[in-house]
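In: Predicted model and sequence follow; I will ask about them next.
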Amino acid sequence: MEERKIFITTTDAERLRDLIRDMKNPNDHERIYLKLLTEELLRAEVVEPLNIPRDVVTMNSLVKFRDMETREVYMYSIVYPANSDFEKGRISVLAPIGMALLGYRVGDVVEWPVPAGMRRLKVEEILYQPEAAGQYEL
């Protein structure tokens with residue numbers, strides 16, 4: 001599968017780098033995902049929040065996506081770990097699916113490792129993006 005360009009705001013990139021750096025004593029599982037997040041940040045096109053396309057999943061975005069294998073549709077907000085609450089539809093950026101979706105655009109299909117194997121997820125819609133709503137400092 002071809003690697004798609006991803007976009008991260010300067011604000012999100014800085015906060016995510018801080019999150020990675022400040023992670024204390026990660027277990028083996030967390031280490032794997034921290035490495036993947038670091039790699040994603042390195043390959044991302046980092047843009048000012050005012051310039052982020054409206055169809056990109058940013059931190060605190062509410063995204064509707066489809067599991068390409070099961071065809072099930074999900075909606076989650078991608079949030080920082082302290083704000084995650086799976087029951088309220090807020091998934092941590094350090095969770096495999098949260099990390100997978102960050103930076104991708106509507107229409108993109110993302111292939112990402114999860115504990116049960118590889119998942120293919122299609123970004124179907126951004127229901128809320130803070131930057132599009134004029135909120136740049138969440």
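Out: Thanks, I have the structure now. Numbering: from 1, shown residues only.
In: ok, now which ones touch the spatially closest residue to Thr9 that is not a sequence neighbour?
Out: Nearest residue to Thr9 in three dimensions, chain neighbours excluded: Pro49, at 4.4 Å (CB to CB, 6 or more residues apart in numbering). C-beta coordinates here come from the backbone N, C-alpha and C atoms, glycine included. If you count contacts by CB atoms under 8 Å, 6 or more residues apart in numbering, Pro49 has them with Thr9, Thr10, Thr11, Glu131, Tyr136.
In: Now intersect these with the strands, please.
Out: Using DSSP state E, the subset of these located in strands is Thr9.
In: Export the contacts of Pro49 as TSV, with columns for distance to Val110 and neighbour count.
Out: Shown next, in TSV, are these (distance: CB to CB, whole Å; neighbours: other CB atoms under 10 Å):
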residue	distance to Val110	neighbour count
Thr9	19	23
Thr10	22	14
Thr11	22	19
Glu131	20	24
Tyr136	25	13
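In: From the contacts of Pro49, pick the one nearest Gly103.
Out: Minimum distance to Gly103 across the contacts of Pro49 is 9.5 Å, recorded for Thr9 (CB to CB).
In: Good, wrapping up.
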